[in-house]
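K.L.:
Return atomic coordinates for the entry below.
(one chain, ligands or ions: 1)
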Amino acid sequence: MSLIGHFIDGKRTCGTSTRRGEVFDPATGRRTAEVELAGAADVAAAVEVAERAARTWRDASLAKRTAVLFAVRELVNARRNELAELITAEHGKVLADAAGEVQRGLEVIEYACGIPSALRGGFSENVSTDVDSYSLRQPLGVVAVVSPFNFPVMVPLWFVPVAVAAGNAVVLKPSEKDPSAALLLAELFAEAGLPDGVFNVVNGDAETVDALLDHPVVRAVSFVGSTPVARHVYQRGTANGKRVQALGGAKNHMVVLPDADLDLAADAAVNAGFGSAGERCMAISALVAVEPVADELVARIAGRITGLRTGDGRRGCDMGPLVTAAHAARVRAYLEAGVAAGAVPVVDGRDVTVDGDPNGFWLGPTLFDRVTPEMSIYTDEIFGPVLSVLRVDSYDEAVALVNANPYGNGTAIFTNDGGAARRYQHEVEVGMVGVNVPIPVPMAYYSFGGWKSSLFGDLHAHGADGVAFFTRGKVVTSRWLDPRHGGVNLGFPTQT
Ligand code: NAD
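P.N.:
Below is the predicted model:
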């Protein structure tokens with residue numbers, strides 16, 4: 001049984017904690033490794049290394065920093081298949097999906113290669129006679145990144161390239177369920193020439209995260225995970241004086257208006273509902289059908305589900321297993337609750353035949369019709385392959401339903417009516433909106449983030465928000481003295 005440790009000061013290392021987590025191959029159910037769960041002492045050791053590295057890295061020229069990032073881009077690109085295989089082995093998502101995740105992470109590395117433009121300040125000559133003003137953005141020092149199980153490569157890459165390019169040192173705490181890909185990422189950054197200690201990985205769990213939240217040297221925390229933990233991280237981190245962006249859970253609605261192309265809408269609902277077994281924060285889990293299209297739409301979605309192959313992600317299947325046995329059992333319990341509450345299971349994932357080891361953590365795609373807003377399959381984030389159809393009579397009813405939901409991560413509207421789409425993007429209280437695009441994940445040069453219970457904090461991930469998050473602004477007012485500037489004057493400085 002291999003033991004997965006940490007990556008600190010440029011090398012793989014073991015910590016002092018004796019606590020361990022278990023890592024599984026979800027497609028076989030086999031335990032493949034143990035992972036160290038760091039305690040406060042291991043966190044302190046990593047933060048000390050990062051603090052030392054941050055002091056010199058902040059002075060590395062922009063040319064040096066971007067040279068490293070260009071090299072990281074080449075290495076991640078060259079090793080993308082290996083990264084995808086590591087993701088599939090511990091997360092379970094199918095290889096093509098894992099490769100897509102690596103691609104979206106690469107795009108943030110590419111964005112960070114352009115950090116000199118993003119860090120450019122402003123300059124105003126002669127704001128007063130012979131006085132100039134200009135603005136700078138400077139790194140924070142040591143920052144922490146805490147990531148969830150469902151994107152072991154992409155989510156760390158939402159933050160690490162931007163943080164490092166801006167001159168910070170990072171301590172990443174990946175999910176203990178699939179920790180291996182983060183260690184390979186750290187090795188690739190080191191191989192690209194990043195100085196030792198600038199990017200560290202400390203594996204662990206809640207105790208590890210709390211140690212990061214309490215450590216006085218950690219200046220900022222970027223967190224992605226479920227809403228209760230995001231709220232906790234935001235509260236504890238900000239109470240300790242840190243800057244925190246904490247991205248939480250989701251319940252994403254796809255509204256289908258009567259004029260939509262129902263075949264395209266059905267394709268989109270299946271792709272966005274069941275891709276990655278629904279374990280995506282941007283998955284569509286609630287389909288809001290504006291009558292009279294529900295019967296027809298449900299039939300077309302059900303037909304497509306029947307053609308999906310659930311099985312081992314290494315065998316070219318459409319959908320893989322769930323991440324752990326416990327999570328599969330939790331999702332199964334929701335299916336039972338849905339049936340008990342009166343929802344109609346048009347396709348029941350419990351009956352699935354899989355192309356894989358019978359010991360894997362399997363559950364097939366489930367389609368529930370006639371779901372109502374008080375049912376737990378609607379109110380809760382299930383985070384599994386479960387698509388719920390809610391029927392409404394009008395656009396107004398649809399938008400009211402979406403806006404009443406506490407989450408506000410992503411949403412989509414399917415229609416051929418430009419006016420309706422424009423009204424929806426204007427009225428909906430959600431951070432990322434798709435018009436005939438079911439998973440509207442912004443490109444790296446925009447920023448990713450939801451509203452309401454899907455994000456605690458002010459700044460979203462990557463793009464301009466990411467740069468703002470990982471830097472502090474400073475404004476300099478400067479005058480090069482000559483004898484004309486003498487004289488005593490206690491008045492408040494104003495322009496002259
Ligand atoms: P999780 O909240 O259980 O864990 C996320 C991270 O927090 C992990 O690193 C974990 O070790 C740590 N953690 C867990 N419990 C903790 C606690 N009590 N205190 C401190 N740290 C703790 O989430 P998960 O199951 O790994 O990921 C799935 C969740 O993440 C879903 O809710 C999903 O919607 C959300 N997610 C959101 C986004 C987004 O952009 N909004 C993106 C991906 C995933």
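K.L.:
domains of the protein?
P.N.:
2-248+454-476, 252-435 (automatic domain parsing).
K.L.:
Tell me, how many residues neighbour the residue lying closest to Gly29 once chain neighbours are set aside?
P.N.:
Sequence neighbours aside, Asn359 is the residue nearest to Gly29 in space, at 3.4 Å (criterion: CB to CB, 6 or more residues apart in numbering). No exception for glycine: its C-beta is placed from N, CA and C like everyone else's. Residues contacting Asn359 under the criterion other CB atoms under 10 Å number 13.
K.L.:
now Ser394
P.N.:
Neighbours of Ser394 (other CB under 10 Å): 12.
K.L.:
Dump the domains of the chain into TSV; add mean pLDDT and distance to the ligand as well.
P.N.:
Output for the domains of the chain, formatted as TSV (pLDDT from 0 to 100; distance: least, CB to the nearest ligand atom, whole Å):
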stretch	mean pLDDT	distance to the ligand
domain 2-248+454-476	98	3
domain 252-435	98	3
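K.L.:
of all those domains, which lies closest to Val441?
P.N.:
The closest of these to Val441 is domain 252-435. By CB to CB, the value is 5.7 Å.
K.L.:
end-to-end on the closest one?
P.N.:
End-to-end span of domain 252-435 (CA to CA, to the nearest Å): 14 Å.
K.L.:
swap in stretch 276-290?
P.N.:
Termini of stretch 276-290 sit 27 Å apart (CA to CA).
K.L.:
Could you give me the buried positions within that stretch?
P.N.:
By neighbour count on 16 or more other CB atoms under 10 Å, the buried set for stretch 276-290 is 276-290.
K.L.:
same thing with stretch 440-447?
P.N.:
Buried residues in stretch 440-447, counted by 16+ other CB under 10 Å: Pro440, Val441, Pro442, Ala444, Ser447.
K.L.:
Show the contacting residues for the last one.
P.N.:
So that's Ser447. With contacts defined as CB atoms under 8 Å, 6 or more residues apart in numbering, Ser447 is in contact with Leu459, His460, Ala461, His462, Gly463, Ala464, Asp465, Gly466.
K.L.:
Give me the number of neighbouring residues for the nearest residue to Gly450 once chain neighbours are set aside.
P.N.:
Using CB to CB, 6+ apart and skipping the chain neighbours, the partner closest in space to Gly450 is Asn409 (3.4 Å). Asn409: 26 surrounding residues under other CB under 10 Å.
K.L.:
same deal with Asp312?
P.N.:
Asp312 sits with 23 neighbouring residues when counted by other CB under 10 Å.
K.L.:
Can you name the helix or strand that the spatially most central residue of the chain falls in?
P.N.:
Nearest to the mean C-alpha position of the chain, by CA atoms, centre = their mean, lies Val155 at 4.3 Å. In the assignment (DSSP states H and E), Val155 maps to helix 154-165.
K.L.:
elements contacting the helix or strand following that helix?
P.N.:
Following helix 154-165 in sequence order, the next helix or strand is strand 169-173 (DSSP H and E). Secondary-structure packing of strand 169-173 (3 or more CB pairs under 8 Å, 6 or more residues apart in numbering; DSSP states H and E): helix 40-57, strand 142-146, helix 154-165, strand 199-201, helix 206-214.
K.L.:
List the contacts of the residue nearest to Gly450.
P.N.:
Taking CB under 8 Å, 6+ apart as the test, what Asn409 contacts is 249-252, 281-282, 430-432, 450-451, 454-455.
K.L.:
same thing with Leu335?
P.N.:
Counting by CB under 8 Å, 6+ apart, Leu335 makes contact with Pro345, Asp348, Gly349, Arg350, Thr366, Ile377, Val386.
K.L.:
The first one pairs with what?
P.N.:
Translated: Pro345. Legend: beta-bridge partners of Pro345 under DSSP bridges are Phe368.
K.L.:
That one against Phe368, yeah?
P.N.:
Yes. With contacts counted by CB atoms under 8 Å, Pro345 reaches Phe368, the gap being 5.9 Å.
K.L.:
List the residues that are in contact with both of those two.
P.N.:
By CB under 8 Å, 6+ apart, the residues touching both Pro345 and Phe368 are Gly338.
K.L.:
hmm, back to that, of the contacts of Leu335, keep whichever come out buried.
P.N.:
Neighbour-count burial (16+ other CB under 10 Å) is assigned, among the contacts of Leu335, to Pro345, Gly349, Thr366, Ile377, Val386.
K.L.:
For the stretch 151-300 of the chain, just list every one of the strands.
P.N.:
Counting by DSSP state E, counting those that start in this stretch, one finds strands in the stretch 151-300 of the chain at the ranges 169-173, 199-201, 218-224, 243-247, 252-256, 284-290.
K.L.:
Can you report how many residues lie near Ser376?
P.N.:
Neighbourhood size, Ser376 [other CB under 10 Å]: 14.
K.L.:
hang on, it packs against Tyr334?
P.N.:
Yes. If you go by CB under 8 Å, Ser376 and Tyr334 touch, sitting 6.6 Å apart.
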